[in-house]
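attaching a predicted model along with its sequence, questions to come.
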Amino acid sequence: MEWIKSKNRSYLLTAMLILVFAAGAMLHHGWANYHQDRELDYTGIILSNDIGNPHTYIDFKVTEAEGEVEVDEWEVVLAPVTRMRNRGLSDDSMLAVGDTVRVVGYPHRTIKNEMRAERIIIGDVTIELR
């Protein structure tokens, strides 16, 4: 009888772990939330940064644009820190408040001032984020 209780606990624990991981996967946003057919190309000044995981964010004010400017201040979703480091963005000093950066990315489908960066250019360094 005791082995049945132990077996039931194992099933319950396994089911709980599956639910926890499934919920985490559902909470993570997908890139489908962004208009990948509407590329934005803006240069601007970093107003703030939040360097961390699962993504790094910068807020920046547009000073130059290729094409029409939809919004002049954007929250930009960048890649995870490890991916940015692997691609050449070595530390947070390259995303310092007040720095000028060029961001090429895609606008969010429903959040007016959010974009996902495809690449970021700092000086003559280009970091491909995908």
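Here it is on my side, so go on. Remember, it's a predicted structure, so these values are computed and weren't measured experimentally.

dump the residue contacts of residue 55.
Neighbour list for residue 55: 77, 78, 79, 80 [criterion: CB atoms under 8 Å, 6 or more residues apart in numbering]. No exception for glycine: its C-beta is placed from N, CA and C like everyone else's.

could you find the closest non-adjacent residue to the first one?
Yep, that's residue 77 we're talking about. residue 116 (4.8 Å; CB to CB, 6 or more residues apart in numbering).

run a quick neighbour tally on the one you found.
Using other CB atoms under 10 Å, residue 116 has 23 neighbouring residues.

what ranges do the helices span in the protein?
2-27, 81-86 (DSSP state H).

what lies in contact with the last one?
Right, the one you point to is helix 81-86. Looking at what lies outside helix 81-86 - CB under 8 Å, 6+ apart - the contacts are 51, 52, 53, 56, 78, 127, 129.

which one of these is nearest residue 31?
Nearest to residue 31 among these, counting by CB to CB, is residue 129 at 11.1 Å.

got a list of what the closest one touches?
78, 79, 83, 84, 87, 117, 118, 119, 120.

try 6 Å
Residue 129 makes contact with 79, 117, 119, according to CB atoms under 6 Å, 6 or more residues apart in numbering.
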